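Novice: Got a predicted structure plus its sequence, pasted below:
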Amino acid sequence: MDEMEALRAELEHYRAEKEKIRDIVGQIGGQAGRRRQATINVVFLALVLGAFAFDFLRWVFEWSVPFLPPQFLLELAVLLVSLKIIWMIHTQTKVDHFQFWILHSIEFQMSVLTRRLSELTARITPAREGPRDGDASPPSEGAR
């Protein structure tokens, strides 16, 4: 029964870790993050295309808008594209940090498992006390 309880405790620990990881992935950007990012992409694209289209139409039909300098909308579109690039770099940094955290967590778990395996091996392997009665002595290195 002791082994069963140890397995149950290990299973509960695994489930708790799984839920913690699921929460962290949700914070970084799960389904809700995708929808929000798609909405932001559409808004950026509409603003940039609108600025370029309006400026192009102003040039083709020779509209004069007294309060808008000639290159203002193009500069605004370049600014929006720059902001989008900064946003993408920020998002990629968050993803890289998360990947680093996961790899660090895996490395930590591997170290713990290696330590446990060493302890178990040390418990199982009997200490070498020398030859027992009736056992042949191990060959020496120089006897070849």
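Specialist: All right, it came through fine.

Novice: Just the mean pLDDT for the longest helix seen in the chain, thanks.
Specialist: Using DSSP state H to define each element, the chain has its longest helix at helix 72-124. Per-residue pLDDT values over helix 72-124 give a mean of 88.

Novice: burial measure for residue 22, as a count.
Specialist: Applying the criterion other CB atoms under 10 Å, we find 11 residues in the vicinity of residue 22. Any C-beta I mention is one placed from the backbone N, CA and C, and that applies to glycine too.

Novice: pLDDT of stretch 51-61, averaged?
Specialist: Average pLDDT, stretch 51-61: 87.

Novice: Quick one: distance of it to the chain centre.
Specialist: 43 Å (CA atoms, centre = their mean, to the nearest Å).

Novice: got a list of contacts for it?
Specialist: Under the contact criterion CB atoms under 8 Å, 6 or more residues apart in numbering, stretch 51-61 has outside partners 63, 65, 73, 74, 76, 77, 80.

Novice: repeat that for 6 Å
Specialist: Residues outside stretch 51-61 that contact it (CB atoms under 6 Å, 6 or more residues apart in numbering) are 73, 74, 76, 77.

Novice: For that stretch, list every residue counted as buried.
Specialist: For stretch 51-61, the buried set under the neighbour-count rule, 16 or more other CB atoms under 10 Å, comprises 51, 55.

Novice: ditto for stretch 64-80
Specialist: Residues of stretch 64-80 classed as buried: 73, 76, 77, 80 (neighbour count, 16+ other CB under 10 Å).

Novice: And the contacts of it?
Specialist: In this structure, residues lying in contact with stretch 64-80 by CB under 6 Å, 6+ apart are 44, 47, 48, 51, 52, 54, 55.

Novice: okay, among the residues you listed, which ones form the most distant pair?
Specialist: By the measure CB to CB, the contacts of stretch 64-80 have their two most distant members at 44 and 55, which lie 16.7 Å apart.

Novice: Quick check: the farthest pair among the contacts of stretch 51-61?
Specialist: The two members of the contacts of stretch 51-61 with the most space between them (CB to CB) are 74 and 76, at 7.2 Å.

Novice: nearest to residue 17, of the contacts of stretch 51-61?
Specialist: In terms of CB to CB, no member of the contacts of stretch 51-61 lies closer to residue 17 than residue 77, at 46.5 Å.
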